[in-house]
Every structure is written in structure tokens, then in C-alpha cells.
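> Sequence first, predicted model second:
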Amino acid sequence: MGQPVLALLAVVVLSFLTYGSVSHDLVHANLGLPRALNRKLLSLLELLMLRSGTVYRIVHLNHHAKYPDAHDDPEGAAARFSLVRTLFEGIVFQFTLGRWACRRASTVDRRRMTAEWFGIATIVLASLAVSPLTLIPLAYCALVYAGSWIIPLVTSYLVHRPEEDGVLRQTRLFRGTFYSMIALDHLYHLEHHLYPQVPHQNWKRLARRLDPHFREAGVEPQRVF
């Protein structure tokens with residue numbers, strides 16, 4: 001409680017590593033796990049971050065199917081927004097995705113979402129209930145909510161270019177030590193769009209294999225150093 005900035009940064013990193021890494025692999029079901037176990041782990045991991053794993057699965061797979069559709073891809077919509085609007089969208093991002101996914105979901109998935117949202121509400125209400133004794137659970141909930149505001153910035157605004165022609169240029173290619181450091185070696189978005197079934201621990205190896213093809217196609221990487 002004495003280091004609020006470090007606490008916020010820690011939750012931002014945790015939010016990034018779940019949404020952009022482990023949960024992301026579970027969304028794509030590319031870890032070789034049994035289907036039922038995969039979905040339960042996704043729900044539990046996202047519940048830790050006060051998000052719905054079912055909503056994440058539905059909107060992210062829709063993003064892969066529809067991008068760069070300007071009208072039916074709520075996850076990628078921030079790529080067409082201004083920076084200011086993207087930052088604002090981070091505040092309401094999970095609510096926007098939840099409302100969209102609920103309208104599109106099957107009956108079974110709608111039940112899963114309801115159970116996950118009930119779990120989130122239970123955690124928040126329990127944190128409020130024990131707040132006279134300790135503020136730590138409530139502070140965690142607040143930090144998780146605050147830490148998730150960067151998701152549309154990081155996963156949509158900074159990595160997509162929907163106005164470009166062709167799949168090789170509609171998603172940015174990143175290379176270099178700088179991007180590797182700030183993204184904890186997770187910034188392989190073009191590679192992921194081309195091969196979404198490759199799990200995150202193999203993205204770097206996939207990038208090495210694709211580099212000759214990118215050079216041949218004239219795809220210029222974003223690089224600082």
C-alpha cells in the first residue's frame with residue numbers, strides 16, 4: 001500500500017501478460033489442452049483480472065475473422081480512433097466488449113458469461129465488505145480496473161494499420177531491442193495475425209522464419225534500436 005505507482009505498474013504488467021500471453025493462448029486453444037480444461041483455465045485466469053474469458057474468446061476470434069472490418073470488429077476498433085479517444089475507450093473497453101459479445105453469443109456462452117460476471121461481482125462486493133478491516137482487496141480491484149485501460153492502446157491502436165492494403169501491411173511489423181524490452185518480447189503482432197495458432201512462446205522463432213519472406217515482400221519493420 002506504500003508504493004502505489006509500483007503496485008499499479010505490477011498490475012499493468014500482470015494484465016498485459018494475461019491478456020496478451022497466457023489467456024491469449026487459451027483463447028486460441030493452441031496449448032494442446034482438452035477443450036473443457038482450456039475454457040475453465042481461461043475463465044479462471046481472466047477472473048483473476050476481473051474480466052470474462054468467454055467475452056475475450058468471442059471478441060478476439062471475431063477480430064481475427066473480421067479485421068480490418070470497420071463495422072463489426074470491436075476489439076480492433078481503436079485502430080481507427082484518435083489517441084485521446086483510444087485512451088478513453090480503455091475506461092469502458094471491457095463493458096463495450098461484453099455488451100457486443102452478449103448479443104452475439106450462443107445460449108451456452110451467454111450462460112458462461114453470466115457465471116463469469118457473477119464471479120467478478122462477487123469479488124468486488126466481497127472486497128467492499130471487508131474494506132473496514134483491510135483495503136488491500138479493494139485496492140487490488142481498483143488497480144486491476146485501472147491497469148486494463150491500456151489494452152485497446154496496446155492491442156489495437158499501436159499495432160494495426162487498417163487503412164493499408166494487404167494483410168502484410170495492415171498490421172505493423174516490429175523489430176529491435178527497444179520493442180523487445182518494452183513488450184517483454186511479445187510484440188509479434190503481424191506474425192500472430194498470419195499464424196494465430198502458434199503459441200506465444202514460439203513467436204520469436206516464427207518471426208525468424210518469416211523475416212526472409214517479409215524482406216522479399218518489402219515489408220519495413222518499425223524499429224527504434
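Arrived safely.
> avg pLDDT for the helix or strand hosting Arg111?
According to DSSP states H and E, Arg111 maps onto helix 107-129. Mean pLDDT, computed over helix 107-129, is 97.
> tell me how far the following helix or strand past it is from the chain's mean position?
Counting by DSSP H and E, the next helix or strand C-terminal to helix 107-129 is helix 136-147. Distance of helix 136-147 from the chain centroid (CA atoms, centre = their mean, to the nearest Å) equals 18 Å.
> Tell me the helix or strand right after helix 136-147.
Counting by DSSP H and E, what follows helix 136-147 is helix 151-152.
> Now do the buried residues in the helix or strand following that next one.
Next along the chain after helix 151-152, taking DSSP H and E as the criterion, comes helix 177-182. Applying a neighbour-count criterion of 16 or more other CB atoms under 10 Å, the buried positions in helix 177-182 are Tyr179. The C-beta positions use only the backbone N, C-alpha and C, and glycine is treated the same way.
> quick one: buried residues of the next helix or strand after helix 177-182?
Scanning forward in sequence from helix 177-182 by DSSP H and E, the next helix or strand is helix 189-194. Neighbour-count burial for helix 189-194, with 16+ other CB under 10 Å as criterion, is recorded at His189, Leu190, Glu191, His192, His193.
> Next one: the last one from Val5, what distance?
Counting by CB to CB, to the nearest Å, the gap between His193 and Val5 amounts to 34 Å.
> tell me the contacts of the residue nearest to Leu45 when sequence neighbours are not counted?
The shortest distance from Leu45 to any non-neighbouring residue, by CB to CB, 6 or more residues apart in numbering, is to Ser23 (5.2 Å). Neighbouring residues of Ser23 by CB atoms under 8 Å, 6 or more residues apart in numbering: Leu42, Leu45, Glu46, Met49, Gly53, Tyr56.
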